[in-house]
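1. Next come a sequence and a model predicted from it.
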Amino acid sequence: MIGKLNHIAIAVPNINEAAEQYRSIFGAKVSEPVEQPDHGVTTIFIDLGNTKIELLQVLGEDSPIEKFMDKNPKGGMHHICLEVEDINQAVEKLNTHEVSITGTGKPRTGAHGKPVVFLHPKSCNGTLIELEEV
């Protein structure tokens, strides 16, 4: 069901400082910041060629990463994103295996403009997993 690793998301207290570190120290290709108000985060993607790192920063009140940042004020790995061919088929299969999907349990548009769902860490060995349709 799953394909490639799409990205690893790291929540950070200051997205511009974190992006500059990847740009200046590691020489990485870094995107511009994009506010994602529907998701309560600002994102920057770092292109690694074979995958990406997504930097996340709290945007506005009720950000879904706010509690994570409260517990981890210096930031840390937030989730991994895996690709799937058909998000609806993936959701159907996960439901038959009692894997908990966060939110409404239905796909919504993610940062790349593609349908995504998040799998609850309690169902996935303590790791928040995002599935993104390719």
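-> Done, it's in. In this text, all values refer to a predicted model and were calculated from it rather than measured experimentally.
2. so is Glu54 in a helix, a strand, or just coil?
-> Under DSSP: H, G, I helix; E, B strand; the rest coil, the three-state class of Glu54 is strand.
3. ah, wrong one, I meant Lys106
-> coil.
4. ok, it - how many residues close by?
-> 11 (other C-beta atoms under 10 Å). Backbone N, C-alpha and C define where each C-beta goes, glycine included.
5. surely it meets Val91?
-> Yes: with contact defined as C-beta atoms under 8 Å, Lys106 reaches Val91; the gap is 7.4 Å.
6. Spit out the residues that contact the two alike.
-> Shared contacts of Lys106 and Val91 (C-beta atoms under 8 Å, 6 or more residues apart in numbering): Val117.
7. next helix or strand past the helix or strand harbouring Phe118?
-> Element membership for Phe118, per DSSP states H and E: strand 115-119. Next along the chain after strand 115-119, taking DSSP H and E as the criterion, comes strand 129-133.
8. Work out the gap between that next one and the centre of the chain.
-> 8 Å (C-alpha atoms, centre = their mean, to the nearest Å).
9. next one: stretch 60-74
-> Distance, centroid of stretch 60-74 to centroid of chain: 14 Å (C-alpha atoms, centre = their mean).
10. got the contact list for that stretch?
-> 11, 13, 37, 39-41, 56, 58, 75-76, 78.
11. Tell me the most packed of those, by neighbour count.
-> Highest neighbour count within those: Leu56, with 27 neighbours (other C-beta under 10 Å).
12. can you name the two of the contacts of stretch 60-74 that are farthest apart?
-> Pro37 and Gly76 (23.3 Å; C-beta to C-beta).
13. what about the helices in this protein?
-> 15-24, 66-71, 87-96 (DSSP state H).
14. Of the ones you listed, which is nearest Leu5?
-> Nearest of these (C-beta to C-beta): helix 87-96, 15.5 Å.
15. got the angle for the closest one vs strand 129-133?
-> 140 degrees (axes from the mean of the first three to the mean of the last three C-alpha atoms, to 10 degrees).
16. hang on, the earlier thing: got the helices of the chain as CSV, with distance to Gly126 and mean pLDDT columns?
-> Shown next, in CSV, are the helices of the chain (distance: least, C-beta to C-beta, whole Å; pLDDT from 0 to 100):
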stretch, distance to Gly126, mean pLDDT
helix 15-24, 24, 98
helix 66-71, 13, 96
helix 87-96, 17, 96
